[in-house]
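[1] what's the 3D shape of this:
(chains A and B)
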Protein chains: 2
Amino acid sequence: MKILGLIIEYNPFHNGHQYHLKQALNLINPDVTIGILSGNFVQRGEPSVFRKQAKVNFSLEAGLDLVLELPLVFSIQDAGGFALGSVWTLDKLKASSLVFGSESNDLKALKKIAFILNESSDKYTKLLKKFLKKGLSFPNSRKEALKVYFESSGFDSEIINKISLSNDILGLEYLKSIFHLKSSINAFSIKRIGKNYHDLNSNSSFSSASAIRNLLKKGDLEKIKKLVPEFAYKIIIDEINNNEGPIFLENLEKTIISIFRMNNLSDFENIYGINEGLDVRFKKIASVSKNLESFLMDVKTKRFTLTRIKRALLSTLIKLEKNSVKKSNIYGPQYIRVLGFNEKGRKYLSYLKKKIDIPVITNLSDWPRIYKKVLNNKYKVNPELFKTQLFYDIKATELYTLFNKEKKLLVGNEYKYNVKYKKT
Amino acid sequence: MKILGLIIEYNPFHNGHQYHLKQALNLINPDVTIGILSGNFVQRGEPSVFRKQAKVNFSLEAGLDLVLELPLVFSIQDAGGFALGSVWTLDKLKASSLVFGSESNDLKALKKIAFILNESSDKYTKLLKKFLKKGLSFPNSRKEALKVYFESSGFDSEIINKISLSNDILGLEYLKSIFHLKSSINAFSIKRIGKNYHDLNSNSSFSSASAIRNLLKKGDLEKIKKLVPEFAYKIIIDEINNNEGPIFLENLEKTIISIFRMNNLSDFENIYGINEGLDVRFKKIASVSKNLESFLMDVKTKRFTLTRIKRALLSTLIKLEKNSVKKSNIYGPQYIRVLGFNEKGRKYLSYLKKKIDIPVITNLSDWPRIYKKVLNNKYKVNPELFKTQLFYDIKATELYTLFNKEKKLLVGNEYKYNVKYKKT
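    Okay, here's the model as predicted:
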């Protein structure tokens, strides 16, 4: 059976996503297509612009058969942890291939670099530390270290310059995770379309999700119409009409500033993403910030990139602990959370359930029953880590619902999420 | 010199306050009148309806000579801690008399009860515990325990029934603190006017501050006009026109719910006011609360009164620690914070500065210089506790400014507060 795995954001779904999906389907011609997506909070350190219900609708309408949620403990990690959690889940789901978008589309080069990064030879590690010490950000340090490493090893260091863009960096991490997990997943890349991904003024029908989010912020729905497929536009309009979104980080501006003003330094001690004095910067700047934007911009340095800051910010809000992240990266996802499927996806899932060594959760209120099985060693799962990962997901929904500007204090009841079944 | 001390709330100032002040001045005919008030957060567990600048204006216009701020570590404690901090400050200021409003106006009875409460004989303490165990709230347990104690000691227990109203209870605590501190302050009571203090529908020109806050919430300024002196009305209108208030707890509804949803039980461990399972109630109810009101109402029990819950709520937001409160109640206020004065007040202050054993802070940005003196043992002050109390006050302003609905994220810079000098 050909099982295609896709790591998707769909934040929101747009024409580029549809193009990529069609290419992937043409390339693999799969029996089943599985998508794994971040739920409430995404890897760029922001709340999802629409709730996960909408993202599941995007996915199923676009033709995916099975949609899973990446646990929060992976979804707001850096690219490495995000990729590890996603690939690990797809590996558990017996995916045979993974297709990802790539600016360079140079799979050979990406694999070579991923191999080195995964091995992390002493020489490379020393180089990396050297550039980090100079105050460069992690991505830039890695780039410079790889260049020197490649040159000194007789490789062409030019390929390093090719992989500075966001999809290539993620692709690199997917490949690294495949190596790390010794997974049998076959990776393929697809050329990312659009010269300038972030270009808003283009007349093309392709635009980045980030540009579309900006249009959503401005309420410029007309412009969005030509940038997303018709079915996606309908879902977006429905969400807006039902006052479900769009959701932006600044919707909880006062809460965020308040938490950073009131936190003591000791409150940051075990929080994922807080290191190298970021806690001191956060506190100092929060007390004199006039809005969220200036807060983020003032915390930002060459070393602390905006995305890194926003991820640390969300970790602080949710109190995501370093130790939970560390353990999760060692032991992997402790369950598969199913958000939606069509008939094909449902059948694959019931076929798979007997072969998989971690629990599959389709109905969250079922978790105590599943937890009992976990305690009885029915799965290869750590009971404590199972609960830890699950409770972060529940907590994330309790926070996410508060981001809704239009509705008052929504009850953040993750238990009320019903798995979506799309009739064919 | 006759120095009159008044413990004032002025939240906001109204005709009842003016009447009380006139009576107190007639009674004492003081050389100097000192008022001590809560700054950002008041004893009922709420943000002050107007910022302290406005409350200082109320006080100086009403005729007070010197206005001081009660440190936060006392201002959001229960009646006992609030009274202790206030009386202790007035004692440091060499006040010779204290006048307070009282529903019963039975000073003799109040003194008798205060004496017993201060002694807290074993017999009384046992009785108190018995009623607390039955699930009664602290005020009710105290009342029942005192009744039994009085009866069994041959006193008339009827006087206990007289002191169930809020001003009597506070008065009792003032007297208790005077006994406890062995202070030479002479206490006097004044009959509280108005049959039904909380009556909104009355046509009288007297109304409670609570009723006036409700009118402010509704924006019903016309009704307020006859309930407050002209000068106070002008101050209120100025504050509103400058978008400085009114401030209500629900202005930070989402922040409050978010903090209680995201907090782990361990985060409540050292917080003042959290005990007897209140942390578990808070967390459980926050995740299913649709608004702040239902949150508070659902947490409320016979034992956990609304005021107690709101104080614990504010302590949680500010992270006011049990240990800081405990130490403050042992060692007292570690500084005198001056908010405003007229010429008479200024003169008294400079006369007093040489006689007082704790630092007087008129300009907060001066604190590092004062702290050096503290370290050099120029005062009878604990350096660590001095900083602890001061930093809570600064933190309180950083939070209070976020309650402002009209202005964005105000920079909560307590250092910018300028002491108010009223020319005569």
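
[2] Check which helices and strands the longest helix that chain A contains sits against.
    Ordering each helix of chain A by length in residues (DSSP state H) puts helix A:383-400 first. The helices and strands touching helix A:383-400, judged by 3 or more C-beta pairs under 8 Å, 6 or more residues apart in numbering or on different chains; DSSP states H and E, are helix A:72-75, helix A:306-318, helix A:322-331, helix A:367-375, helix B:253-262. Backbone N, C-alpha and C define where each C-beta goes, glycine included.

[3] Over that helix, what's the mean pLDDT, rounded is fine.
    For helix A:383-400, mean pLDDT is 96.

[4] CA-only coordinates of it in PDB, if you can.
    Output in PDB follows, covering the C-alpha atoms of helix A:383-400 (Å, rounded to 0.1, in the frame of the first residue of the first chain):
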ATOM      1  CA  PRO A 383       1.900   6.700  31.100                       C
ATOM      2  CA  GLU A 384       3.200   9.900  32.600                       C
ATOM      3  CA  LEU A 385       4.300  11.300  29.300                       C
ATOM      4  CA  PHE A 386       1.000  10.300  27.700                       C
ATOM      5  CA  LYS A 387      -0.800  12.400  30.200                       C
ATOM      6  CA  THR A 388       1.700  15.300  30.000                       C
ATOM      7  CA  GLN A 389       1.300  15.500  26.200                       C
ATOM      8  CA  LEU A 390      -2.500  15.200  26.300                       C
ATOM      9  CA  PHE A 391      -2.900  17.800  29.100                       C
ATOM     10  CA  TYR A 392      -0.900  20.300  27.100                       C
ATOM     11  CA  ASP A 393      -3.300  19.800  24.200                       C
ATOM     12  CA  ILE A 394      -6.300  20.400  26.500                       C
ATOM     13  CA  LYS A 395      -4.700  23.400  28.100                       C
ATOM     14  CA  ALA A 396      -3.800  24.800  24.700                       C
ATOM     15  CA  THR A 397      -7.500  24.800  23.700                       C
ATOM     16  CA  GLU A 398      -8.400  26.500  27.000                       C
ATOM     17  CA  LEU A 399      -6.100  29.300  26.100                       C
ATOM     18  CA  TYR A 400      -6.900  29.400  22.400                       C
END
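
[5] quick one, which of the helices and strands packed on helix A:383-400 is packed in tightest?
    Of the helices and strands packed on helix A:383-400, the one with the most neighbours on average (mean count of other C-beta atoms under 10 Å in any protein chain shown) is helix A:72-75, at a mean of 28.

[6] can that helix be found next to chain B?
    No: against chain B, helix A:72-75 shows no contacts by C-beta under 8 Å from any C-beta of the partner chain, the least distance being 12.6 Å.

[7] tell me what that helix is packed against?
    Looks like helix A:72-75 contacts strand A:41-42, helix A:79-92, helix A:322-331, helix A:383-400 (3+ C-beta pairs under 8 Å, 6+ apart).

[8] Note down every partner strand of the first one and its orientation.
    By that I understand strand A:41-42. Counting by DSSP bridges, the strands paired with strand A:41-42 are strand A:46-47 (antiparallel).

[9] Would you reformat the helices and strands packed on helix A:72-75 as TSV and include distance to residue A:100?
    TSV is the format used below for the helices and strands packed on helix A:72-75 (distance: least, C-beta to C-beta, whole Å):
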stretch	distance to residue A:100
strand A:41-42	16
helix A:79-92	10
helix A:322-331	20
helix A:383-400	24
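
[10] closest one to residue A:236 among those?
    Nearest to residue A:236, of all the helices and strands packed on helix A:72-75, is strand A:41-42, at 16.6 Å by C-beta to C-beta.

[11] quick one: contacts of the closest one?
    A:9, A:11, A:47, A:48, A:72, A:75, A:76, A:314, A:318, A:396, A:400 (C-beta atoms under 8 Å, 6 or more residues apart in numbering or on different chains).

[12] per-residue pLDDT, the second one?
    We have a pLDDT of 97 for residue A:11.

[13] related to what we said a few turns ago, could the helices and strands packed on helix A:383-400 go into a markdown table alongside distance to residue B:416?
    Formatted as a markdown table, those follow (distance: least, C-beta to C-beta, whole Å):
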| stretch | distance to residue B:416 |
| --- | --- |
| helix A:72-75 | 40 |
| helix A:306-318 | 27 |
| helix A:322-331 | 37 |
| helix A:367-375 | 51 |
| helix B:253-262 | 23 |
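
[14] Looking at those, which is nearest to residue A:254?
    Shortest separation from residue A:254 across the helices and strands packed on helix A:383-400 is recorded for helix B:253-262, at 5.7 Å, computed as C-beta to C-beta.

[15] can you confirm residue A:98 is in a strand?
    Yes: counting by DSSP: H, G, I helix; E, B strand; the rest coil, one finds residue A:98 located in a strand.

[16] Let me see the contact set for it.
    Contacts for residue A:98 (C-beta under 8 Å, 6+ apart) come out as A:4, A:5, A:6, A:7, A:87, A:90, A:174, A:178, A:185, A:186, A:187, A:188.

[17] Quick check: beta-bridge partners of it?
    Judged by DSSP bridges, the bridge partners of residue A:98 are residue A:5, residue A:187.

[18] how far away is it from residue A:88?
    Separation of residue A:98 from residue A:88 (C-beta to C-beta, to the nearest Å): 12 Å.

[19] what's stretch A:12-29 in contact with?
    For stretch A:12-29, the external contacting residues (C-beta under 8 Å, 6+ apart) are A:2, A:4, A:6, A:8, A:10, A:33, A:49-50, A:54-55, A:58-59, A:62-64, A:97, A:99, A:101, A:188, A:190, A:192-194, A:205-209, A:212-213, A:216, A:227-229, A:232, A:235-236.

[20] Which parts of the stretch 151-300 of chain A are helices?
    A:158-162, A:166-181, A:209-218, A:221-225, A:230-241, A:253-262, A:278-286, A:292-299 (DSSP state H, counting those that start in this stretch).

[21] Can I have the buried ones of the contacts of residue A:98 as a PyMOL selection?
    Buried residues among the contacts of residue A:98 (16 or more other C-beta atoms under 10 Å in any protein chain shown), as a PyMOL selection:
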select buried, chain A and resi 4+5+6+7+87+90+174+178+185+187
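
[22] Closest one of the contacts of residue A:98 to chain B?
    Minimum distance to chain B across the contacts of residue A:98 is 27.6 Å, recorded for residue A:7 (C-beta to the nearest C-beta).

[23] For that closest one, identify the helix or strand it belongs to.
    strand A:3-8 (DSSP states H and E).

[24] Enumerate the residues of chain A near chain B.
    With C-beta under 8 Å from any C-beta as the criterion, chain A comes near chain B at residues A:252-255, A:257-259, A:261-264, A:267, A:287-292, A:317-319, A:395, A:398-399, A:402, A:408-413.

[25] go with 6 Å
    Contact residues (C-beta under 6 Å from any C-beta of the partner chain) of chain A with chain B: A:254-255, A:257-258, A:261-262, A:287-288, A:290-291, A:319, A:398, A:402, A:408-409, A:411.

[26] Quick check: the two most widely separated of those?
    Across these, no pair lies farther apart than A:288 and A:411, at 35.0 Å, counting by C-beta to C-beta.

[27] could I get the strand holding residue A:7 in CSV with only the CA atoms?
    Extracted C-alpha coordinates of strand A:3-8, given in CSV (Å, rounded to 0.1, in the frame of the first residue of the first chain):
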residue,chain,number,x,y,z
ILE,A,3,0.6,5.7,2.1
LEU,A,4,1.4,9.4,1.5
GLY,A,5,2.2,11.6,4.5
LEU,A,6,2.0,15.3,4.4
ILE,A,7,3.0,17.8,7.0
ILE,A,8,0.5,20.6,6.6
